[in-house]
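Enquirer: Compute the structure for the input listed below.
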Amino acid sequence: MFNFEAKFWNTIIPLLIKPGKVSRDYIDGKRQRYTNPFRFYLTVSIVFFLIVGLYKTVQKYEALADGTSKKITTAQKKDSLSKKPKELTSQDIDSIKNVINKKMDKSIIPIPKKAREEILNEIDKKAKDSTLLKSENKNNERVNVNFGGKTRLDVFLNYLDKNPEPDIDIALDSLGYEKNFTNRFLFTKAESLYSFSESEDTREQFFNQLLSYGSVALFIFLPFFTLFLKFYYIRRKFTYVDHLIFVFHVQTVFFMLFAFHFIFLIFHIEPKLWIFTVLFLIYLYLAMKKFYQQGYFKTFLKFVLLNISFGFISMIGITLLFIVSFAFF
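Expert: Residues are numbered from 1 along each chain as shown. You can find the predicted model right below:
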């Protein structure tokens, strides 16, 4: 993972404290003292995602230690489903009040009428609050998923709500859909969505997969992001590879900064996320100023345009990432 020779320290220290210097030296031919940008980026990105995974694992173990973990075994889930408590109806509440009223009639010590009314009213209030609480908890556990109410996925989700573990072909027959690859595929995705809406574990599994694909997607989109730099500095004598080296170094610093953020969280130090975001943006501006050697105003203008471009690329990337993650989930 780490190569603790002179190149490692010659790269990481100036990369962090002297924005743009390492990239500039590298394209100027001073390469012997530095680690290869691509290899360094790959190493730091792997370490970053390992730290994120470690943070999530620490959270799970702390939840178990504190007794706040909400996970239960499959056997417990089946048992809880087979023994669902009956929710109190108005008739049930009235029946309970009648029984208590009769007990008070037979009491050795006479109970005044006003006291009786207060007791029965309190029972009525507590019973209704309990029923309302159950209803709210039930609504909070489930995440509502819909696609407008008229798509095939909506039809499949409604069917799954009534038939949680159906056979795909029988379900398609019941719903009047042709038994082809598309409908079977969409039905399996509806099953995944239904599980996603019902289970916190499934949601966590999906976001873990999303994070895994995100690390690959980010690497794929970096060359596209580099095209914007090539366009904004089209009059400067930089090759595409020169821009790519700069992007690799900047992205490496991004990973390092946010790795520090998660390390702090692991040790229960909770710095604000915006602090690291602002530090990175300041770093990016100074790196652009040093690397491209333009004035402050021109650099700031291109800095703003670059961030807008990155936001545009990010929206496309996140959309594609969700689609791919959903397709393979």
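
Enquirer: now the stretch 101-250 of the chain, which segments are flagged as low pLDDT?
Expert: 106-109, 124-150, 196-213, 215 (pLDDT under 70).

Enquirer: all helices for it, in order.
Expert: For the stretch 101-250 of the chain, the helices defined by DSSP state H, counting those that start in this stretch occupy 113-141, 152-162, 168-175, 181-198, 200-232, 240-266.

Enquirer: Show me what the last one is packed against.
Expert: Helix 240-266 is packed against helix 6-17, helix 21-27, helix 37-66, helix 200-232, helix 273-292, with contacts defined by 3 or more Cβ pairs under 8 Å, 6 or more residues apart in numbering; DSSP states H and E. Glycine gets a C-beta too; all of them are placed from N, C-alpha and C.

Enquirer: Which one of those helices lies nearest to L301?
Expert: helix 200-232 (9.1 Å; Cβ to Cβ).

Enquirer: what sits against I168?
Expert: For I168, the contacting residues are R184, F187, T188, by Cβ atoms under 8 Å, 6 or more residues apart in numbering.

Enquirer: Throw these into a markdown table and include neighbour count and distance to T151, thanks.
Expert: Shown next, in a markdown table, are those (neighbours: other Cβ atoms under 10 Å; distance: Cβ to Cβ, whole Å):
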| residue | neighbour count | distance to T151 |
| --- | --- | --- |
| R184 | 16 | 16 |
| F187 | 25 | 13 |
| T188 | 13 | 15 |
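
Enquirer: Nearest approach to V47 belongs to which of the helices of the stretch 101-250 of the chain?
Expert: Here helix 240-266 is closest among the helices of the stretch 101-250 of the chain (Cβ to Cβ), at 6.6 Å.

Enquirer: Just give the number of residues close to L193.
Expert: 22 (other Cβ atoms under 10 Å).

Enquirer: Surely it touches L153?
Expert: Yes. Between L193 and L153 there is a contact at 7.0 Å, judged by Cβ atoms under 8 Å.

Enquirer: Look at R31 and tell me its secondary structure.
Expert: On the three-state scheme (DSSP: H, G, I helix; E, B strand; the rest coil), R31 is labelled coil.

Enquirer: show me the contacts for it.
Expert: D25.

Enquirer: rerun at 7 Å
Expert: For R31, no contacting residues are found, by Cβ atoms under 7 Å, 6 or more residues apart in numbering.
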